[in-house]
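K.L.:
A structural model of the following input is requested.
(chains A, B, C and D)
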2 protein chains.
Amino acid sequence: MADKEISQAVIGRLPRYFRYLGDLKEKGVERISSQELSDIMKVTASQIRQDFNNFGGFGQQGYGYNVNYLYDEISKILGIDKQHSLVIIGTGHLGKAIAGYTNFTRRGFVFKGAFDCNPELYGTMIRDVEVRPIEEMEDFVKKNKIEIAVLTIPKEQAVPMAHKLVECGIKAIWNFAHVDLDVPNNIQVENVHLSDSLMKLSYNINRYENND
Amino acid sequence: MADKEISQAVIGRLPRYFRYLGDLKEKGVERISSQELSDIMKVTASQIRQDFNNFGGFGQQGYGYNVNYLYDEISKILGIDKQHSLVIIGTGHLGKAIAGYTNFTRRGFVFKGAFDCNPELYGTMIRDVEVRPIEEMEDFVKKNKIEIAVLTIPKEQAVPMAHKLVECGIKAIWNFAHVDLDVPNNIQVENVHLSDSLMKLSYNINRYENND
DNA sequence: TAGATTGTTAATCGATTAACAATC
DNA sequence: TAGATTGTTAATCGATTAACAATC
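P.N.:
Here you go, the predicted structure:
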């Protein structure tokens, strides 16, 4: 039914709106204008209105936006009103850190399985989930119709693992390995390249020291 | 001396170029044209040339780019030819995961200190660094002229901690807390908001299921 | 030299901002 | 109603792509 495509620039801003609206909600704020939100978030009011209007107008002239309503609508757009099952592949510190984010559970991400290739870890528990041998991953993902795989394994293993996951019917990969995955278009990939992020930081330190 | 400002869009692409050039280097590739690199990286050759020319032409007409030279030049631009000292604040799984990235060491990021507020962790070792009480952070950062602080603590503590760090003369904060920090302009902040990233993934799963 | 490929200018595309009519 | 503030169109800005002259 192909609605007009929303740019990833807009999508990328939604979680931030969501975060601020959650804060306002907690503070008991009922309504907010694009101008007020603009002051808090340091983006233009114009951009805020344009962004929301991509999804068809959540405000009311002369009033502004109802915080609760807007919050709920954004959560629907982001799809975090539904549950998403998730497995973690690679149970090093990073895998454990992610498994431990109770926030994710609150957002509907249900931690269903954990896999590793280190036999010493088999049977150990991460939260209420048992670490299983990586060989059992394929069956598990298929049987439980897992939607999201979190890849926290070394880059050498990430590419073949991504292929396996695709074959098992995974819908999305949250990739922490320092490599770009090559998967079909219908598989969603979100990369978190920590070393890229640190290099940007390094650049900006340098830039400041040399230029300004 | 204010060279003309390079857009963050360009900077954001440099680490990825660097990654691919490193791979080519390892494979023993000596030269590469923007067109060849374009095929591998799935970006336009035009963008590649424009990006590099922001820094003043690393190639040669009729030849292309020398892989080793380009790799080195990008590493200089990113400032990873120099060493940067770094402390980790918050030694949960995430802090430990980051400390453990041997890659960072290779890129010149030197892990100098780790701090936590949990007394049970004081004195425990992360790699060759001892976990210290958070109260000792300020002295340590000042004395050792630490440049980068990695914030892997809960968001409630992140904002006051950022202020303290600024007072201690930190140059940059790598922020993993789910909150935007408000620091002076001369302090570089690079945010890694994992929950934002996961929400984008969730949106894209939804989008694909509903639209295409 | 001829062919290849950059560096760079010009054209296009998309995203952001400004402005204002619509409307609560 | 009058004032406020959205929704939306138009104007601007910046980033990407295309084209080609310069040059190795």
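K.L.:
quick one, strands of chain A?
P.N.:
In chain A, the segments counted as strands under DSSP state E are A:31-32, A:59-60, A:64-66, A:84-89, A:109-116, A:125-126, A:129-133, A:148-151, A:172-175, A:188-191.
K.L.:
can you tell me which of these is packed in deepest?
P.N.:
Each of those was given a mean neighbour count from mean count of other CB atoms under 10 Å in any protein chain shown, and the largest, a mean of 26, is that of strand A:148-151. Placement of C-beta: from N, CA and C, glycine included.
K.L.:
a markdown table for the strands of chain A, including mean pLDDT and distance to DNA strand C?
P.N.:
What follows is these, written out as a markdown table (pLDDT from 0 to 100; distance: least, CB to the nearest atom of the strand, whole Å):
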| stretch | mean pLDDT | distance to DNA strand C |
| --- | --- | --- |
| strand A:31-32 | 98 | 12 |
| strand A:59-60 | 96 | 5 |
| strand A:64-66 | 98 | 10 |
| strand A:84-89 | 98 | 26 |
| strand A:109-116 | 97 | 27 |
| strand A:125-126 | 96 | 38 |
| strand A:129-133 | 97 | 39 |
| strand A:148-151 | 98 | 25 |
| strand A:172-175 | 98 | 22 |
| strand A:188-191 | 98 | 18 |
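K.L.:
could you export those strands as a markdown table, including distance to residue B:154?
P.N.:
What follows is those, written out as a markdown table (distance: least, CB to CB, whole Å):
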| stretch | distance to residue B:154 |
| --- | --- |
| strand A:31-32 | 26 |
| strand A:59-60 | 33 |
| strand A:64-66 | 29 |
| strand A:84-89 | 21 |
| strand A:109-116 | 19 |
| strand A:125-126 | 20 |
| strand A:129-133 | 23 |
| strand A:148-151 | 21 |
| strand A:172-175 | 21 |
| strand A:188-191 | 23 |
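K.L.:
so how far is residue A:150 from residue A:131?
P.N.:
With distances defined as CB to CB, to the nearest Å, the gap from residue A:131 to residue A:150 amounts to 14 Å.
K.L.:
hang on, the earlier thing: what's the closest of the strands of chain A to chain B?
P.N.:
Each of the strands of chain A was checked against chain B via CB to the nearest CB, and the shortest separation belongs to strand A:188-191, namely 4.1 Å.
K.L.:
note down every partner strand of the closest one and its orientation.
P.N.:
Based on DSSP bridges, the pairing partners of strand A:188-191 within the sheet are strand A:172-175 (parallel).
K.L.:
pLDDT below threshold where in chain A?
P.N.:
Applying pLDDT under 70 to chain A flags the ranges A:1-4, A:211-212.
K.L.:
for DNA strand D, see how far away residue A:83 is.
P.N.:
Computed with CB to the nearest atom of the strand, to the nearest Å, the distance linking residue A:83 and DNA strand D is 29 Å.
K.L.:
quick check: closest non-adjacent residue to that residue.
P.N.:
Leaving out its chain neighbours, the residue that sits closest to residue A:83 by CB to CB, 6 or more residues apart in numbering or on different chains is residue A:108, at 4.7 Å.
K.L.:
these two touch, right, the one you found and residue A:80?
P.N.:
Yes - with contacts defined as CB atoms under 8 Å, residue A:108 counts as touching residue A:80 at a distance of 5.0 Å.
K.L.:
anything in contact with each of these two?
P.N.:
Residues touching both residue A:108 and residue A:80 by CB atoms under 8 Å, 6 or more residues apart in numbering or on different chains: residue B:202.
K.L.:
and those two? Which one has more around it.
P.N.:
Taking neighbours as other CB atoms under 10 Å in any protein chain shown, residue A:108 and residue A:80 compare with residue A:80 leading, 23 against 17.
K.L.:
wait, residue A:36 sits on residue A:64?
P.N.:
Yes - between residue A:36 and residue A:64 a contact is recorded at 7.5 Å, counting by CB under 8 Å.
K.L.:
can you give me the end-to-end span of stretch A:123-137?
P.N.:
Looking at stretch A:123-137, the gap from its leading to its trailing residue is 14 Å under the measure CA to CA, to the nearest Å.
K.L.:
cool, and stretch A:75-89?
P.N.:
One end of stretch A:75-89 sits 27 Å from the other (CA to CA).
K.L.:
alongside DNA strand D, which residues does chain A contribute?
P.N.:
Taking CB under 7 Å from any atom of the strand as the measure of proximity, chain A contacts DNA strand D at A:32-35, A:45-46, A:49-50, A:52-53, A:56-65.
K.L.:
residue in chain A with the shortest distance to DNA strand C?
P.N.:
Scanning chain A for the residue nearest DNA strand C gives residue A:62, at 2.5 Å (criterion: CB to the nearest atom of the strand).
K.L.:
next, give phi and psi for that residue.
P.N.:
Backbone geometry at residue A:62, expressed as degrees, to the nearest 10, gives phi 80, psi -10.
K.L.:
residues contacting it?
P.N.:
When the contact criterion is CB under 8 Å, 6+ apart, residue A:62 has no partners at all.
K.L.:
quick check: it vs chain B, distance?
P.N.:
Applying CB to the nearest CB, to the nearest Å, the value for residue A:62 to chain B is 30 Å.
K.L.:
same deal with residue A:107?
P.N.:
When distance is defined by CB to the nearest CB, residue A:107 is 7 Å away from chain B.
K.L.:
that residue contacts residue B:201, correct?
P.N.:
No - Residue A:107 lies out of contact with residue B:201 (CB under 8 Å); the separation is 11.2 Å.
K.L.:
more neighbours: these two, which one.
P.N.:
Neighbour comparison, residue A:107 and residue B:201: the larger count goes to residue B:201, with 27 against 19 (by other CB under 10 Å).
K.L.:
hang on, that one packs against residue A:174?
P.N.:
Yes - Residue B:201 sits in contact with residue A:174 when judged by CB under 8 Å, with a separation of 5.7 Å.
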